[in-house]
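Trainee: need a structure here:
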Amino acid sequence: MRAALVRIGLAAIATLTFIACSDQHGELLSPNAPVDKALVAPHPCYTISCLPQPNYIDLSAGEAVTCVVHSVSRTQLLIGILQSNLSCWGDNSNGMLGLGLGAAPETCTNNVGVNYGTNYKVPCSTKPLPVNALRNFASVSVGANHVCALEMGSGAAFCWGSNDSGRLGDGTAEVQRLVPVAVVGPS
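Mentor: Sure, this is the predicted structure:
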C-alpha cells in the first residue's frame, strides 16, 4: 500500500526542479551542490527543469529509419492501449515509419543517395512518431527499406515498409505496406 502511494505521489510530480544559487561570496553553486548550502544561499541564479524520460527497451537503426521501443507502465496497461509504444523517425518514402499513407509531417532532402539519388525530397519525420498500430511491442528490427517488430506478450511478428519479393511475410508481394501487418505463420 505504501509503495503504491509513493508511486502515485511520484507520478503527480511531472517535473523536478533543481535550484542553483550563489553562495555568500558570490561563487556559483552547481545544481549538484549540497542541499543545505543551496537552501541558505541568498541569491538564486537559475533553475533547471528535468522532464521524465521514456524508458527505452530496444532500438534499431537502418539505412534511412530509426525506431525505438519504450517500456509500458502498469497504468497504461490497465487503461488499455492508446497508442503504440514503438516510435520511428526518418524517411517515409516506403512507409517505413508505419504511419499510413501521406502521414509523414515533413519533407526532407535526401543528400546521401539512399534510395533515390542526391537532393531528392522525401516524406519524413525528424522526431519520433508512434507507429499506426494499437499494440505494444517488445523489440524492433529495421532493414534497408522495411521494419519488423515483435508484439509484447503474444510474440506475434508485424512488418511494414517495402514488400519487394514478399519480404514482409504477409503472404503478398504488394509494393509496400504503410502500417504494420501480421506475418503469416508457417504453412
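Trainee: for residue 131, grab phi and psi.
Mentor: Note on residue 131: its backbone torsions stand at phi -70, psi 160 [degrees, to the nearest 10].
Trainee: go on, residue 127?
Mentor: Dihedral angles of residue 127 (phi, psi; degrees, to the nearest 10) stand at phi -120, psi 150.
Trainee: what sits against residue 153?
Mentor: By CB atoms under 8 Å, 6 or more residues apart in numbering, residue 153 lies in contact with 136, 138. The C-beta positions use only the backbone N, C-alpha and C, and glycine is treated the same way.
Trainee: quick check: pLDDT value at it.
Mentor: Looking at residue 153, its pLDDT is 90.
Trainee: could you do residue 142 as well?
Mentor: At residue 142, the pLDDT value in this model is 96.
Trainee: again with residue 71
Mentor: So, for residue 71, pLDDT stands at 89.
Trainee: give me the sheet partners of the helix or strand hosting residue 88 and which way each runs.
Mentor: Residue 88 belongs to strand 86-91 when elements are defined using DSSP states H and E. Using DSSP bridges, the strands paired with strand 86-91 are strand 65-70 (antiparallel), strand 120-130 (antiparallel).
Trainee: of all these, which one is nearest residue 89?
Mentor: strand 120-130 (4.8 Å; CB to CB).
Trainee: tell me which residues of the following helix or strand past the closest one come out buried.
Mentor: The element immediately downstream of strand 120-130 (helix or strand, assigned by DSSP H and E) is strand 137-142. Neighbour-count burial for strand 137-142 flags 137, 138, 139, 140, 142 (criterion: 16 or more other CB atoms under 10 Å).
Trainee: this protein: strands as residue ranges?
Mentor: Taking DSSP state E, the strands of the chain run over residues 16-22, 43-50, 56-61, 65-70, 86-91, 106-110, 120-130, 137-142, 146-151, 157-162, 176-182.
Trainee: packing partners of the last one?
Mentor: In terms of contacts (3 or more CB pairs under 8 Å, 6 or more residues apart in numbering; DSSP states H and E), strand 176-182 is packed against strand 157-162.
Trainee: do you know the pLDDT at residue 109?
Mentor: pLDDT, read off for residue 109, is 76.
Trainee: that one contacts residue 126, doesn't it?
Mentor: No. Assessed by CB atoms under 8 Å, residue 109 is found out of contact with residue 126, at 11.7 Å.
Trainee: could you work out the most separated pair of the buried residues of strand 137-142?
Mentor: Pairwise across those, and taking CB to CB, the largest span is found between 138 and 142, at 15.2 Å.
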